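Peer 1: Structure of the sequence below:
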Amino acid sequence: MESRTRFLGPAGGALLIAVLVALWMPFSGQAAPAGDGPSPGATAGAVDRVPSMTGPKAKFIISRALKRNYKRAWVFGEKKRIKDCKRLSRVRVSCEVSWIYNHKWFHGRAAAYYRRNGDIWFKYRIDVDRI
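Peer 2: You can find the predicted model right below:
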């Protein structure tokens, strides 16, 4: 049984967010309207909120993290599943993962989440059984 927490890096997290936003934001040919300044509710000392973690975003992060941590076992594995995702909080989503590689069944849970500073982290607990 293996249980670990991994930091996916500030640059990797920022790049991932930029790619996901670019893919999911609807394209409109109009420029953003120019305003007279910050909105009335905004203050100079306001802290930016950490973005919400969604199911598809969590599945993407978990897939990339498993590829990074399990290398060949994930890349060349068969019957890969990332399913039954549950929102644990606004910034944390946990999913069941399983796959088969080289007569071994890898199965467990993995969670993707944001830290307060906006970094993306990945936590997992994977059991390996011989089949």
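
Peer 1: S52 falls within a helix, correct?
Peer 2: No - in this structure, S52 is coil, not part of a helix, as judged by DSSP: H, G, I helix; E, B strand; the rest coil.

Peer 1: List the residues that contact it.
Peer 2: By C-beta atoms under 8 Å, 6 or more residues apart in numbering, the contact list for S52 reads R90, V91. C-beta: built from backbone N, CA, C; applies to glycine.

Peer 1: And it, what's its pLDDT?
Peer 2: If you check S52, the pLDDT there is 92.

Peer 1: Please apply the same query to the one 5 residues further on.
Peer 2: With respect to pLDDT, K57 has a value of 95.

Peer 1: before we move on, what about the one 3 residues further on?
Peer 2: Listed pLDDT for F60 reads 96.

Peer 1: Return the distance of it relative to R130.
Peer 2: 30 Å (C-beta to C-beta, to the nearest Å).

Peer 1: Which parts of this structure are strands?
Peer 2: 2-7, 78-89, 92-101, 104-114, 120-130 (DSSP state E).

Peer 1: Ok, which of those strands comes nearest N69?
Peer 2: With C-beta to C-beta as the criterion, N69 lies closest to strand 2-7 of the strands of the chain, at 6.6 Å.

Peer 1: so which of the strands of the chain gets nearest M53?
Peer 2: The nearest among those, by C-beta to C-beta, is strand 92-101 at 4.8 Å.
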